[in-house]
Structures are given as structure tokens and as C-alpha cells.
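A.B. asks: Build the 3D model from these lines:
(one chain, ligands or ions: 2)
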Amino acid sequence: TANITPAVAIGPATVGFGTFRSQASSGKDGARYASGAAGSGDAYFPYSGNGGYDVQHYDLALRYAPPTDPTVLTGKLSGVATITLRAKQDLQSLNFDLRGLDVAAVRVDGKAAAHGNSQGKDRAEWSQLQDDANRSWELTVGLRPKLKAGQTTTIVIAYGGITGRSLDTTEALYGWVTTADGAMVLNEPDGAATWYPVNDDPQDKATYLFRITVPAGKTAVANGLPVGMPATKAGWTTWTWRASDPMSSYLSTASVGDFALSRDGTSAGLPIINAIDDGVTDASLAETKAALALQPQMITFLETQFGPYPFESFGAIVDDDSVDYALETQTRPVYSEVADEYTVVHELGHQWFGNSVTPSDWQDIWLNEGWASYIEWLWAEHQGTASIPDQFADTVAYLDANDGWALNIADPGRDSLFANPVYLRGAAALYALRAEIGDDAFFAGANLWLTRYNDSNATTEDFQAVMEESSGQQLQTFFDDWLREGDRPAMP
Ligand code: ARG
Ligand code: ZN
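C.D. replies: Ligands and ions are numbered 1, 2, ... in the order given. The predicted structure is shown next:
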């Protein structure tokens, strides 16, 4: 990776690309070429993601210098992103999301693009917009030649800057979280743009190659499987990981730390790779090791319930105590300070419910969190720790005592995506659904959902339709009562 000197100050857009509504102009051949929209139009994150194209593959060559003074949590990140994408409409320009990092150079199909507005000249061009108030962080690339629907192009973006600790809309740390010994990287919902130019829309799944260069002695861990051995040159080591299964950007990670790597696997041969930071010690380390040792059994158990594990590998990244939640990053969840047994099975459950089948829109988040929470109940029952009816009763008591039925979990609002009722009312709804339609229809429906929408996206309405199909029952009133109505539903 070349050293990249950020050459450009980030300021308001000065060129005519990158508006949210797409604009059109006529080409020589009479075709209408649109400016790809600067947002996906998601109700909660309208400027996350972009219109007009689909990314096939991200090749991310990153170079990262962690903090030199552990009390000042900033690092230096530079990257070269090679993005292969296919136009979904005739395009004269398109956007990537990129937040707080400076672009140095852009090439489109091997040709250098100009910075700024070269209107009238036959040359690709790029500009950046950083609009915090609208959460619109755009790199706009004007395309010359323009792109026809169905055509593929490769765009190379060199960029870099100082990393810090970004906050989501609820002020939780997320994205590229600089830690004393590296970085803990977990993007849900819209944090991927803090470390690479991205179409940050859960519906645009792509494959990834990560080549992460860090000071020798540091370890970089990403999704998927390692490629070759880490290579050290002049005091820097490059770690290469390939994620071959389609992945939404919020599930990508490239965490850096003083990690010890270990390998395990299921009896069926699925590789498990764990990374534990040396800041995890004593009781936390003992608990983490015990929980991670259960991963092969957890996978085997969940396969009996929900069919084959959907990806090429699994494992854990257990980092320091920087954040207060874990994330189901694809194939390799990230945990902070400790990976406890029920969090591990929760994040494993997300590999089926969330990662293989991903919500189309952020308002469908209960499909992730309700299922992952219900899977904790299944595991507790399987281990003989607590019966499912007892766990349901405890959850109902909690929701009763904490105004937990007030939230419409099928549209919880942007800043309540991860509120307790999304998890607990969601799990209770699945319990009630199973009671309503019976075990056979419930598990057949779950398996139909997972096969029909594997490597894809779906909505709450799609889920209801699948469950209606497997049960032969009309479930509109049931779903309204259990997900949407503002009071306690009739108990099963
Ligand atoms: N999906 C995570 C889980 O398994 C929670 C993510 C919370 N994210 C955030 N930005 N606060 O529970
Ligand atoms: Zn979860």
C-alpha cells in the first residue's frame, strides 16, 4: 500500500453531482443518463447506501498505525479500495458513502479522474461532501464514459485520514473504533463508511478481500478465511482475509490488536478461527475460553433446528472493553471484554437470522434481534438450564414491568433499533407464533424463510407471508397484536 497524503480538504459540495434526487441528462445516443441517488431512501438512514448500482466485490488494501500514545485514541488509516460494481440504470455519476476520511485519488477503469468539476471535458471526476446534519457523507464520481445499465466498472479510490471513535445516532461507539492497541471494528447500522468507501445499504451484498497492513507484532482479523501466511516487510505485516460469501457492509470487520489466534472446527469440518486480545484476562478470559469452546456444539445444535450453517467459517474476535455490546459481524462476531455463552449463541444465531437473511430496511430489525434472542432460549432448553415456557414467562414479566408493549417493534424508530423490546417482544412474538401455528409449521416456516431468502434480504411482510404459507393460516391480526399494537396481547 502506498502512503497516501490526504490532498483534499473536505467541504461542502461545489459540483453538481450528488444530490439525493437523481438528475438526468441526454447522451449522444439519446439515452437518459441519471446521476445515481446519494441515498438508499431507507426510512431511518435515507443517505446510507446509494442508488443506481450494485457492488460485486470490495478489495480493501488498508494500512493502519494504531495510537502511539495509548491515552490519545487516534490512529492513522490509509486505504486503496478497488470496487467492482454493476450499473442498474444508465448512469452519468454515482456515489459512495465515506465519512471523515479524505480521498486522494480516484481511477475509473484504469484512468485517473480529476478532482472537482471538469464539466465539458471528457474526463471522469470526483468530489466529496460531508454533511453531518443529514448524515450524508458522499464521494461522488462523475463517469466518463457514462455507464449503461448492466455494464460493470472498476473504481479505485485512494483515501486516508486520522481515525477516532465515531458515535452512532444513539451516541454508542461504532464503526472504526480506535483502541489503545489497535481498532475494534463493528458497523451496525451505518458505520462502514468510517473506514472505506461503500454502498452502505444492507441490500447490496458483496464479496470482500481484505489486505490489512499493520506494525509487525500486531494482528489484523477480518471476515471469512485467511489467505496465505501474514507477510512482514520493513517492520509492517500484511494480513489477508477473504470473505467469499455475499455480505452486507454493516457486517464487515477488520479489527486490529494484540490478538492471539486459535483454530478449532466442528465435527463436520467447518473451520473456526478465534482471536482474543491480550487485554482480556483473569475471569473474563476464563469465561470467554469456556464459551468459545462450546461453539462447535452450538453450530451442530442450531443446524438441527435451522439447516446448514450458511457460511464458510465461524469464530470470534474478543477485544478490550471499549464498547458495551457485541456484534454478529459475518462469520466472526466481535465481543468487548468478554464473550459469554449466551451472547456467543445469540451472535451465532444471527448468522442465519440477520446475515444470511438480512432485513431489507432497518425498521425490520426485530427479525434479527427477536430470532437471536429466541435462539438463546432454545440453547438454554437444550442445555437443560431453563425451559422455554419459563423464559417466555420471565420475558413477559419484564415487558409488563418496563412498559415493554408500548413500542411497535416492526417500526421502532431510528434511535430505538436496539431497544430492549425489539429483542424481548420479538422473542415473545416468536414463542406465541410457535404456539399459534404448532411446532411443525413453525420450524418448516423458519426453514422456508432461510432457504427462500438465503444470501438475500426480506421484510416483516415477507416473514408473515412465509409463515402463512407454511401454516395455511391468516396471520395479519396475530402479527399486529404481537409486533405493533401498543398493549399486551392475549397470552397463548
Ligand atoms: N446487533 C447487535 C446484537 O447482536 C447489537 C448492535 C448494537 N449496535 C449499536 N450501534 N448500538 O445485539
Ligand atoms: Zn443481536
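A.B. asks: mind checking the backbone torsions on the residue in the stretch 151-300 of the chain that ligand 2 sits nearest to?
C.D. replies: Of all residues in the stretch 151-300 of the chain, residue 188 sits closest to ligand 2, at 8.9 Å by C-beta to the ion. (Each C-beta comes from the backbone N, C-alpha and C, glycine too.) Here the main-chain torsion angles of residue 188 (degrees, to the nearest 10) amount to phi -70, psi 130.
A.B. asks: In three-state terms, label the residue nearest to it when sequence neighbours are not counted for me.
C.D. replies: Distances taken as C-beta to C-beta, 6 or more residues apart in numbering place residue 250 nearest to residue 188, at 4.6 Å, with adjacent residues excluded. Following DSSP: H, G, I helix; E, B strand; the rest coil, residue 250 is assigned to helix.
A.B. asks: Surely residue 228 touches residue 240?
C.D. replies: Yes. Residue 228 is within contact range of residue 240, at 6.0 Å (criterion: C-beta atoms under 8 Å).
A.B. asks: Neighbour count for the two, which is higher?
C.D. replies: residue 240 (19 against 9; other C-beta atoms under 10 Å).
A.B. asks: For the residue nearest to residue 188, list the residues it contacts.
C.D. replies: By C-beta atoms under 8 Å, 6 or more residues apart in numbering, the residues touching residue 250 are 187-192, 200, 202.
A.B. asks: cool, residue 399 as well?
C.D. replies: 405, 421, 424-425, 428, 488.
A.B. asks: Ok, residue 405 next?
C.D. replies: Per C-beta under 8 Å, 6+ apart, neighbours of residue 405: 399, 421, 425, 485-489.
A.B. asks: Which of those sits closest to residue 124?
C.D. replies: For the contacts of residue 405, the minimum distance to residue 124 (C-beta to C-beta) is 47.8 Å, reached by residue 421.
A.B. asks: Let's test this: mean pLDDT of the host helix or strand of that closest one, rounded?
C.D. replies: Element membership for residue 421 (DSSP states H and E) is helix 420-437. Averaging pLDDT along helix 420-437 yields 98.
A.B. asks: In contact with residue 193, which residues?
C.D. replies: By C-beta under 8 Å, 6+ apart, the residues touching residue 193 are 48, 96-99, 137, 175, 200.
A.B. asks: Out of those, which two sit at the greatest distance?
C.D. replies: Applying C-beta to C-beta across those, the maximum distance is between 96 and 175, 15.3 Å.
A.B. asks: Residue 468 touches residue 478, doesn't it?
C.D. replies: No. Assessed by C-beta under 8 Å, residue 468 is found out of contact with residue 478, at 9.7 Å.
A.B. asks: which residue sits closest to residue 380, ignoring its sequence neighbours?
C.D. replies: residue 386 (4.4 Å).
A.B. asks: need the residues of the protein near ligand 2, please.
C.D. replies: 369, 372 (C-beta under 5 Å from the ion).
A.B. asks: Mind doing that once more with 8 Å?
C.D. replies: Near ligand 2, the residues belonging to the chain are 326-328, 346-347, 349-350, 354, 368-369, 372-373, 418, 423 when assessed by C-beta under 8 Å from the ion.
A.B. asks: What about the residues you listed, which are in helices?
C.D. replies: 346-347, 349-350, 368-369, 372-373, 423 (DSSP state H).
A.B. asks: any chance of the contacts of residue 193 in a markdown table, plus secondary structure?
C.D. replies: As requested, the contacts of residue 193 are exported to a markdown table (three-state DSSP):
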| residue | secondary structure |
| --- | --- |
| 48 | coil |
| 96 | strand |
| 97 | strand |
| 98 | coil |
| 99 | coil |
| 137 | strand |
| 175 | strand |
| 200 | coil |
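A.B. asks: which of these are close to ligand 1?
C.D. replies: On the criterion C-beta under 6 Å from any ligand atom, none of the entries of the contacts of residue 193 sits beside ligand 1.
A.B. asks: Columns neighbour count and pLDDT on top of those residues, output as JSON lines?
C.D. replies: Listed next are these as JSON lines, based on neighbours: other C-beta atoms under 10 Å; pLDDT from 0 to 100:
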{"residue": "48", "neighbour count": "27", "pLDDT": "98"}
{"residue": "96", "neighbour count": "31", "pLDDT": "98"}
{"residue": "97", "neighbour count": "28", "pLDDT": "98"}
{"residue": "98", "neighbour count": "28", "pLDDT": "98"}
{"residue": "99", "neighbour count": "25", "pLDDT": "98"}
{"residue": "137", "neighbour count": "26", "pLDDT": "98"}
{"residue": "175", "neighbour count": "25", "pLDDT": "98"}
{"residue": "200", "neighbour count": "30", "pLDDT": "98"}
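A.B. asks: and of those residues, the nearest to residue 74?
C.D. replies: Closest approach to residue 74 among the contacts of residue 193 (C-beta to C-beta): residue 175, at 13.7 Å.
A.B. asks: Can you name the residue of the protein nearest to ligand 2?
C.D. replies: For the chain, C-beta to the ion, closest residue to ligand 2: residue 372, 4.2 Å.
A.B. asks: for ligand 1, what are the nearby residues on the stretch 51-200 of the chain?
C.D. replies: Contact residues, the stretch 51-200 of the chain versus ligand 1 (C-beta under 6 Å from any ligand atom): 168, 172, 174, 188.
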